[in-house]
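In: how would this look folded up:
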Amino acid sequence: MKYILDTNVVSAFMKRDSRVTTRLHALAVADVAVPQPVLAEIAFGIERVPVSKRKDALRKSFDYIRPVLPRAAWTDAVTDAFGRIKAKLEKIGQPLEDFDVAVAAHAVAHGAILVTANVNHMARVDDLEIEDWLAD
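Out: Numbering: from 1, shown residues only. A predicted model of the protein is given here:
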């Protein structure tokens, strides 16, 4: 895999954002993966929405895209990267949320580029290559 997708990118894909869909359609399926924490964040976000047509639409979109997105496995290398990243960021007084660290750790451990619009936060992580497909 070459790219790990962050939550904001998967959310944009769910909304059929052309900046994301165009990039994804140009790539081989094997070149893109999503860590489980990203899917968990999206599931949480949907559950927080009050019962409504919007919530139904989000759930349908999520159910539609979820099976087509390959997963990035949480391996021992991801666990080790998570520990290193989180400890270093806390030591320098710039901690990130656990799920952000987990997503970054997947990209670092798999030698992949993290695709995110959360560039300012993720740029704190050493050895993490970042692309922002949502930048205008």
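
In: alpha carbons only: can I get the lengthiest helix in the chain in PDB?
Out: Secondary structure of the chain read by DSSP state H shows that its longest helix is helix 76-91. Output in PDB follows, covering the C-alpha atoms of helix 76-91 (Å, rounded to 0.1, in the frame of the first residue of the first chain):
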ATOM      1  CA  ASP A  76       3.100  -5.300  16.000                       C
ATOM      2  CA  ALA A  77       4.900  -2.700  14.000                       C
ATOM      3  CA  VAL A  78       1.900  -0.400  14.200                       C
ATOM      4  CA  THR A  79       1.800  -1.000  18.000                       C
ATOM      5  CA  ASP A  80       5.500  -0.100  18.300                       C
ATOM      6  CA  ALA A  81       5.100   3.000  16.100                       C
ATOM      7  CA  PHE A  82       2.100   4.000  18.200                       C
ATOM      8  CA  GLY A  83       4.200   3.800  21.400                       C
ATOM      9  CA  ARG A  84       7.100   5.700  20.000                       C
ATOM     10  CA  ILE A  85       5.000   8.500  18.400                       C
ATOM     11  CA  LYS A  86       2.800   9.000  21.500                       C
ATOM     12  CA  ALA A  87       5.700   9.000  23.900                       C
ATOM     13  CA  LYS A  88       7.700  11.400  21.900                       C
ATOM     14  CA  LEU A  89       4.800  13.900  21.400                       C
ATOM     15  CA  GLU A  90       4.000  13.800  25.100                       C
ATOM     16  CA  LYS A  91       7.600  14.300  26.000                       C
END
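
In: buried stuff in it?
Out: Val78, Ala81, Phe82, Arg84, Ile85, Lys86, Leu89 (16 or more other Cβ atoms under 10 Å). Using the backbone N, CA and C atoms, a C-beta is placed for each residue, glycine as well.

In: please apply the same query to stretch 35-54.
Out: So for stretch 35-54, counting by 16+ other Cβ under 10 Å, buried means Pro35, Pro37, Val38, Leu39, Glu41, Ile42, Ile46.
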